[in-house]
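Colleague: Sharing a model prediction with you, sequence too.
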Amino acid sequence: MKALITGGAGFIGSHLAEELIAQGHQVVALDNLSTGRMENIRHLQGNPNFQLVIASILEERVVDKFVERCDVVFHLAAAVGVELIINHPLESLTTNIRGSEIVLETAYRYHKKLLLTSTSEIYGKNTSGPLKEDEDRILGSPLKSRWSYSTSKAVDEILAYTYWKEKGLPTVIIRLFNTVGPRQTGAYGMVIPRFVQQALKGEPITVYGNGKQSRCFLYVKDAVRSLIALMNLTESAGEAFNLGSQEEVTIEELAKQVISLTQSGSKLVYIPYDQAYEAGFEDMARRVPDTSKAKKYVGFAPTKSLKEILESVIAYYRTEAGVPVR
Ligand code: UDP
């Protein structure tokens with residue numbers, strides 16, 4: 001199989017490329033290196049089964065050329081990260097809506113199965129326990145960047161679903177809950193790489209709000225294996241799947257675990273949301289997925305505990321990312 005990965009030099013895209021190649025497939029990674037990074041895919045360059053194309057998904061002719069040449073499309077390219085979205089709301093919207101429209105139109109032109117990665121942000125402020133795929137979305141004002149992001153990804157989902165329903169293009173929607181692992185950068189707000197880097201440098205650990213909010217963190221390799229399995233499964237067309245861990249941890253507890261595993265002398269510092277993001281920022285108190293659907297379709301089951309995930313990220317930042325250790 002020859003797969004096109006939009007966002008192929010990103011954190012998840014690069015792990016997906018690696019796994020596809022390991023399974024004997026060919027990969028074309030399309031990335032404009034806005035948040036994707038050469039370091040993520042440097043080890044794949046020179047591999048005859050890997051090709052990097054540096055371009056944006058907004059460049060229709062480039063998208064056309066490479067969709068035509070591939071068998072399937074993994075559409076991962078998007079503006080992600082709460083901080084990035086808040087700082088660049090307009091660009092985020094354009095990338096997510098117009099970009100997805102172009103990729104989907106092109107996949108339809110050549111009738112190529114498309115997998116769209118969406119997000120748990122779709123559910124908004126719905127904190128009612130493990131969220132199933134058909135759960136209600138509860139959102140704040142569209143004038144708040146976080147909710148406009150949620151809406152932009154919902155538009156992507158509707159587009160993908162409508163191409164299936166109305167035009168018969170096989171599309172599958174994956175809602176990724178917090179996904180973490182080596183190569184994830186803290187530059188766009190993601191909590192684990194930030195805490196690990198702060199702990200390794202002996203800096204204060206920045207806990208936003210009161211730290212009682214909880215999240216579940218999935219190891220990136222577990223996510224990408226299921227992306228491939230769901231792409232390969234005919235019955236996934238026209239369906240949406242949650243992928244995420246169910247091991248819940250509060251952010252405060254996470255910070256303490258990072259300190260303990262790195263044996264760091266860092267202390268926790270609590271930063272109000274208004275200061276961390278923007279005035280009026282709303283966080284999600286809790287976000288836990290129900291993943292029984294992905295389990296039923298492709299046997300999805302996370303293989304790594306939070307502790308093991310943290311150890312892999314700490315090892316990454318200690319060695320490859322070259323952070324001086326105190
Ligand atoms: N967070 C934090 N300190 C940081 C970065 C994030 O306390 O330096 C919190 C953030 O407010 C949220 C949680 O960690 O409650 C997860 O944030 P992330 O941006 O990783 O993912 P989200 O679940 O918000 O999309």
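Modeller: Received the coordinates, thanks. Numbers count the residues shown, from 1 in each chain.
Colleague: How far off centre is the helix or strand hosting Lys307?
Modeller: Using DSSP states H and E, Lys307 sits in helix 306-318. Computed by C-alpha atoms, centre = their mean, to the nearest Å, the chain-centroid distance of helix 306-318 equals 18 Å.
Colleague: now do stretch 36-54
Modeller: Computed by C-alpha atoms, centre = their mean, the chain-centroid distance of stretch 36-54 equals 19 Å.
Colleague: now do stretch 89-97
Modeller: Distance, stretch centre to chain centre, for stretch 89-97: 16 Å (C-alpha atoms, centre = their mean).
Colleague: Identify the spatial nearest neighbour of the residue in the stretch 51-200 of the chain positioned nearest to the ligand, chain neighbours not counted.
Modeller: Per C-beta to the nearest ligand atom, Val191 is where the stretch 51-200 of the chain lies closest to the ligand, at 3.6 Å. Glycine gets a C-beta too; all of them are placed from N, C-alpha and C. Counting by C-beta to C-beta, 6 or more residues apart in numbering, Ile251 is the residue found nearest to Val191 once chain neighbours are left out, at 6.5 Å.
Colleague: The residue of the stretch 51-200 of the chain closest to the ligand touches Ser214, doesn't it?
Modeller: No: counting by C-beta atoms under 8 Å, Val191 does not reach Ser214; the two are 11.6 Å apart.
Colleague: who's more crowded, those two?
Modeller: Legend: neighbour count by other C-beta atoms under 10 Å for Val191 and Ser214, higher for Val191 (22 against 18).
Colleague: so who does the more buried one touch?
Modeller: Asn178, Arg215, Ile251, Leu254 (C-beta atoms under 8 Å, 6 or more residues apart in numbering).
Colleague: gap between the last one and the ligand?
Modeller: Translated: Leu254. Separation of Leu254 from the ligand (C-beta to the nearest ligand atom, to the nearest Å): 8 Å.
Colleague: The helix holding Lys307 near the ligand at all?
Modeller: No: Helix 306-318 lies apart from the ligand when judged by C-beta under 6 Å from any ligand atom; the minimum separation is 12.3 Å.
Colleague: and that helix, C-alpha only, in PDB?
Modeller: Output in PDB follows, covering the C-alpha atoms of helix 306-318 (Å, rounded to 0.1, in the frame of the first residue of the first chain):
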ATOM      1  CA  LEU A 306       1.200   6.300  32.300                       C
ATOM      2  CA  LYS A 307       4.400   5.600  34.100                       C
ATOM      3  CA  GLU A 308       5.900   3.800  31.100                       C
ATOM      4  CA  ILE A 309       4.800   6.600  28.800                       C
ATOM      5  CA  LEU A 310       6.400   9.200  31.100                       C
ATOM      6  CA  GLU A 311       9.600   7.100  31.200                       C
ATOM      7  CA  SER A 312       9.800   7.100  27.400                       C
ATOM      8  CA  VAL A 313       9.300  10.800  27.200                       C
ATOM      9  CA  ILE A 314      11.900  11.500  29.900                       C
ATOM     10  CA  ALA A 315      14.400   9.200  28.100                       C
ATOM     11  CA  TYR A 316      13.700  11.100  24.900                       C
ATOM     12  CA  TYR A 317      14.300  14.500  26.400                       C
ATOM     13  CA  ARG A 318      17.300  13.300  28.300                       C
END
